[in-house]
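*Asks:* Give me a model of this one.
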Amino acid sequence: MPFDSRAQQNLNARSTCRIVTLLGYRFAVSRILEFFVRRVTIEGYSMAPTYLPGERLTAFRRWRRIHEGDVVVVRDPRNPSRWLLKRCVDRVGSLLDLRGDNAQASTDSRDFGLVPTRDVIYIVLASR
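*Replies:* Below you'll find the predicted structure:
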């Protein structure tokens, strides 16, 4: 009997170790994916009618040069804890003119000036 008990304890310990390892891998993979892919929920009307409040978008970490017409996610230059979704309407060297599609409801480059390309974190490629 004692042998069976030790064998069972060994089996339980190995199973627990595997579960902890799998959870660790899952956590690591989710953190890596979160770094590269971000789900964005629209909260205002600055990008209407293209994107409306409540709509969900998928944004990918910037991996290429920003082009005119790209919709990007950038930290608000005046309040870095706030994220902004804007369209690139012009490039001036390494600076971007970012604007909302709805000029009346948008806080954008007309308010805070041109934004350095390096400040663009994500590019929106898909909605939903």
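*Asks:* that's a helix at R6, yeah?
*Replies:* Yes. Secondary structure of R6 (DSSP: H, G, I helix; E, B strand; the rest coil): part of a helix.
*Asks:* ok, it - contacts?
*Replies:* If a contact means CB atoms under 8 Å, 6 or more residues apart in numbering, then R6 has no contacts. Every residue, glycine included, has its C-beta placed from N, CA and C.
*Asks:* Kindly report the same for N102.
*Replies:* Residues near N102 by CB under 8 Å, 6+ apart: 45-49.
*Asks:* and if we set it to 7 Å?
*Replies:* N102 sits next to 45-48 when contact means CB atoms under 7 Å, 6 or more residues apart in numbering.
*Asks:* most neighbours, which of the residues you listed?
*Replies:* The residue in the contacts of N102 with the most neighbours, by other CB atoms under 10 Å, is M47 (24 neighbours).
*Asks:* how close does the closest residue to that residue other than its chain neighbours sit to R61?
*Replies:* Computed as CB to CB, 6 or more residues apart in numbering, the closest residue to M47 that is not its neighbour in sequence is D101, at 4.9 Å. For D101, the distance to R61 (CB to CB, to the nearest Å) stands at 23 Å.
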